[in-house]
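> sequence first, predicted coordinates after that:
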Amino acid sequence: MKGEVDEIMHNVRLTDSLEIDLIFRLGNKVGIAEIKTGGKALRKRGIDQLNTAGGREYLGTYTKKFYITDREYTENYMANKILAEERNIVIIELKNSENTDQLQSLDEDDKEQLIKTVVGEMQR
């Protein structure tokens, strides 16, 4: 994704208790992302982090928010997907890269999906 956006930073601490996995800029638009894998992808903590960081007290309500996970949410875990959508968080389900250590090595289809989704949303 590095060549697709103008600027990217990772593991950015906004406060002692609020850290964001990725912050990126495309033109004059800012996006933030939380990356969750394994069991952490099934919890709502990442959604809460994005919602807080994208609030007016921090990065602002015009910040695009992305929740990147290594799995497709099935009907047993739809609550997180619904919660994210209600908070204007774009979910990117990279189901072909499941169980890769923190998504360090992405499947080519997942990589294409990630770039296409992020760039498409940022250009809106």
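Done, it's in.

> can you list the low-confidence ranges for the protein?
Counting by pLDDT under 70, the chain shows low-confidence ranges at 1, 98-104.

> the same query, at a cut-off of 80, please.
Along the chain, the parts satisfying pLDDT under 80 run over 1-3, 75-77, 97-105.

> strands of the protein, residue ranges please.
7-15, 18-26, 29-36, 64-69, 89-93 (DSSP state E).

> how close does the residue nearest to Ile89 when sequence neighbours are not counted get to Val30?
Distance criterion CB to CB, 6 or more residues apart in numbering; nearest residue to Ile89, sequence neighbours excluded, is Lys65 at 4.4 Å. The C-beta positions use only the backbone N, C-alpha and C, and glycine is treated the same way. Separation of Lys65 from Val30 (CB to CB, to the nearest Å): 10 Å.

> shared neighbours of the two, anything?
Common contacts of Lys65 and Val30 (CB atoms under 8 Å, 6 or more residues apart in numbering): none found.

> which of the two has more neighbours?
Lys65 (23 against 17; other CB atoms under 10 Å).

> who does that one bridge with?
With DSSP bridges as the criterion, Lys65 is bridged to Ile32, Ile89.

> in contact with it: list those residues for me.
Contact analysis of Lys65 by CB under 8 Å, 6+ apart lists Gly31, Ile32, Ala33, Leu50, Asn51, Ala53, Gly54, Arg87, Asn88, Ile89, Val90.

> narrow those residues to those that are buried.
Neighbour-count burial within the contacts of Lys65 applies to Gly31, Ile32, Ala33, Leu50, Asn51, Ala53, Gly54, Ile89, Val90; the criterion is 16 or more other CB atoms under 10 Å.

> distance-wise, check the third one relative to Glu75.
Between Ala33 and Glu75 the distance, using CB to CB, works out to 25 Å.

> and if you look at the first one?
Noted for Gly31: a distance of 29 Å to Glu75, by CB to CB.

> one more: the second one?
For Ile32, the distance to Glu75 equals 28 Å [CB to CB].

> other residues contacting the longest helix that the chain contains?
When the chain is scanned for its longest helix (criterion: DSSP state H), the result is helix 108-122. Outside helix 108-122, the residues that touch it by CB under 8 Å, 6+ apart are 1, 4-5, 24, 26-27, 29, 31, 33, 64, 66, 68, 90, 92, 94-97, 106.

> good, wrapping up.
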